[in-house]
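Q: predicted model and sequence below, questions to follow.
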Amino acid sequence: MDINHLREFILLAKYENYLKASQELFIAQSTLSKHMTALENDIGHRLIDRTNKKIELTESGSLFLHYAKQICQNEEELKKHLSLKDVDDIVTINMGASRLMIEYGITELVSQCVKLYPKVRFKITEGSEIELKQAIDQQKLDISFIRELSPAKSNNSFVYMKEQLCAIVKNTHPLANQDEISLEMLKDEQLYLPPDFTVEHQAFLKCCEKEQFYPIISFTAPRMENLLEMVNINEGIALIMEHQARFYLNESYKLIPLKPEIDSYINCKLHHDCPDSKELENFMSIARQYSKN
């Protein structure tokens, strides 16, 4: 028995007219008539008295109408409860990332997790390391990918990637043929770096202080494209983390390692104050597989 035929029967009983019922249902009168005949054959009883021009229900039809309405109502309630159950089963992971979603393949691993676990949802917070740590302190994040100077060491964290700060120059720059660039070689060079609140900027200044080197930082910007454009226009040198640089570079630029090496780590951290969750464990497992360390 087709439940759609039940709905059509209820509407036909309401209007007592094939034309009006078929118009509301957006089907032909002949189609509606065939559906009613099929319904009668399914239940083995005549529901409609066809001896008169006016549509009238038989005694069986009146009884069937009562139960047809209940069946349709029960179906709607069932759909509603199943929908609410689906909502209850959905798990949201609040994740923080410091300006490196695409460059470091984090969007790819999120996509993979959603494919494997369709009821998982991700709410992403992007920001600086300072902003993310504030969100962590406020218990707004379950997990984060955050750049730090030290590798992750706790049981609930791991190093997603280790990388070095590198120099980016145009192919025509005098230093373009060097295998590595020392701080002394950066003397008198215009340097372009990420903002001064970033881990890599602070690590560079700390290294300069240790080596008693005083850099000329003439431009800072959060977007890698702007740093590279400054290199292209002004023949200066951008200092960018290696993996980010490789994501944006083309044949017009040369990437050269710095000496001494200035390392940083993208640490994936599951925060201690978040509740135990199978979904979080699954995501951490996928993230470890994608780890480039």
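A: Received, thanks.
Q: alpha carbons only for contacts and neighbour counts from here, please
A: Fine.
Q: ok, and what's touching stretch 214-224?
A: By C-alpha atoms under 8 Å, 6 or more residues apart in numbering, the surrounding residues in contact with stretch 214-224 are 186-196, 208, 227, 240, 244-245, 248.
Q: name only those of these that count as buried.
A: Neighbour counting with 16 or more other C-alpha atoms under 10 Å marks 186, 190-195, 208, 227, 240, 244-245 as buried within the contacts of stretch 214-224.
Q: what strands line up against whichever strand in the chain runs longest, and which way round?
A: Here the longest strand in the chain is taken by residue count, with DSSP state E as the criterion, and it is strand 157-170. In the sheet containing strand 157-170, the strands it pairs with under DSSP bridges are strand 237-241 (antiparallel), strand 253-259 (antiparallel), strand 263-270 (antiparallel).
Q: would you list the ones you listed in JSON lines and tack on distance to Phe9?
A: As requested, the strands paired with strand 157-170 are arranged in JSON lines below (distance: least, C-alpha to C-alpha, whole Å):
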{"stretch": "strand 237-241", "distance to Phe9": "69"}
{"stretch": "strand 253-259", "distance to Phe9": "73"}
{"stretch": "strand 263-270", "distance to Phe9": "57"}
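Q: which of these sits closest to Ile130?
A: The minimum distance between Ile130 and those falls on strand 263-270, with 14.4 Å, by C-alpha to C-alpha.
Q: for that closest one, give the mean pLDDT please.
A: Across strand 263-270, pLDDT averages out at 91.
Q: and what of stretch 40-54?
A: Stretch 40-54 shows an average pLDDT of 85 in the prediction.
Q: tally of neighbours for Glu235?
A: Glu235 is surrounded by 18 other residues when neighbours are defined as other C-alpha atoms under 10 Å.
Q: what sits against the nearest residue to Lys170 once chain neighbours are set aside?
A: Using C-alpha to C-alpha, 6 or more residues apart in numbering and skipping residues adjacent in sequence, the residue nearest Lys170 is Tyr253, 4.4 Å away. Residues counted as contacts of Tyr253 (C-alpha under 8 Å, 6+ apart) are 168-171.
Q: ok so, going back, closest one to Asp42 among the strands paired with strand 157-170?
A: Distances from Asp42 to each of the strands paired with strand 157-170 were compared using C-alpha to C-alpha; the shortest belongs to strand 263-270, at 58.1 Å.
Q: what about the contacts of stretch 214-224, which are in helices?
A: With helices taken from DSSP state H, the overlap with the contacts of stretch 214-224 comprises 208, 227, 244-245, 248.
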